[in-house]
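Asks: I need the structure of the sequence given here:
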Amino acid sequence: MKSEERHELLAMLARESYFERQLTLSSGRTSNYYLDCKRTLYLPRGAYLAGELVLELVKAAGVEQLGGMAVGALPVTDAVMVAAYRNGVDVRGFFVRKETKQHGLQQMVEGAFRPGLKTAVIDDTNTTGGSSLQAVAAMREAGANVIAAITLVERGEGAADAFAREGLKYSWVFTAEEVRAERAAHPVAG
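Replies: Predicted coordinates:
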């Protein structure tokens, strides 16, 4: 991975997206810290860096399309789509709704999705992998050949085992411990 870009994005995540306080995660677990990656992914430089770095994982996984559950997967998927265009990589993007749309084409999987293609489920952060696995089920039902899971930040709380049980190759840019260590090394005032 591009080490300068990786370090810059790590610093941004630690500064913009890391919070220490007791709260409940989407998995239902409680935690004393939270990573809101969207705060970094919706900054121009953050989106650029995330797109470039996650695209490296996408290429290594050999997938032809990627997507995940709305809302978490949207900013990282979009960043990868722009990076793919910039780098001449042929990959498609999409997202999975929590429930089937009740009007229009009435789809659960939206975007440039194509059945049969080698597919990765993507998310900004994974704890247990629960929402990503919901997306995988919808993707497979729609005809995707889901072979990989990719995330920007892996929390190290069960997602790797969950994806392995589903036969998915799992990769990430950062661990939560890396983000926490960067924040501890460079505390933010206020």
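Asks: So in terms of bridging, what pairs with the residue sitting nearest the centre point of the chain?
Replies: Nearest residue to the geometric centre of the chain (C-alpha atoms, centre = their mean): Asp123, 2.2 Å. Listed beta-bridge partners, Asp123: Thr151 (assigned using DSSP bridges).
Asks: Quick check: the gap between it and Val188.
Replies: Going from Asp123 to Val188 by C-beta to C-beta, to the nearest Å gives 25 Å. In this view, the C-beta of every residue, glycine as well, is placed from N, C-alpha and C.
Asks: Repeat that for Gly62.
Replies: 38 Å.
Asks: same check, this time on Glu166
Replies: Glu166 is 37 Å from Val188, where distance means C-beta to C-beta.
Asks: Ok, Gly67 next?
Replies: Per C-beta to C-beta, Gly67 is found 32 Å from Val188.
Asks: With neighbour numbers in mind, choose between these two.
Replies: Between Gly67 and Val188, counted using other C-beta atoms under 10 Å, Gly67 has the larger neighbour count: 29 against 9.
Asks: Which pLDDT value goes with that one?
Replies: With respect to pLDDT, Gly67 scores 98.
Asks: Which helix or strand contains it?
Replies: Here Gly67, judged by DSSP states H and E, is contained in strand 65-69.
Asks: and that strand, what other elements does it pack with?
Replies: Counting contacts by 3 or more C-beta pairs under 8 Å, 6 or more residues apart in numbering; DSSP states H and E, strand 65-69 packs against helix 73-87, strand 92-96, strand 118-126, helix 130-141.
Asks: hmm, who's touching that strand?
Replies: 58, 73, 76-77, 80, 91-96, 98, 109, 111-114, 117-123, 131-132, 134-135, 139, 144, 150 (C-beta atoms under 8 Å, 6 or more residues apart in numbering).
Asks: Buried subset of those as a ChimeraX selection?
Replies: Listed next is the ChimeraX selection for buried residues among these, using 16 or more other C-beta atoms under 10 Å:
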select :58,73,76,77,80,91,92,93,94,95,96,109,113,117,119,120,121,122,123,131,132,135,139,144,150
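Asks: Glu182 against Leu10, yeah?
Replies: Yes - if you go by C-beta atoms under 8 Å, Glu182 and Leu10 touch, sitting 5.2 Å apart.
Asks: can you pull the contacts of Val54?
Replies: By C-beta under 8 Å, 6+ apart, the contact list for Val54 reads 76, 79-80, 83, 122, 150, 152, 173.
Asks: Nearest to Thr24 among those residues?
Replies: Thr24 lies nearest to Leu152 out of the contacts of Val54, by C-beta to C-beta, at 20.9 Å.
Asks: Next, work out how far apart the closest one and Met108 are.
Replies: In terms of C-beta to C-beta, Leu152 sits 24 Å off from Met108.
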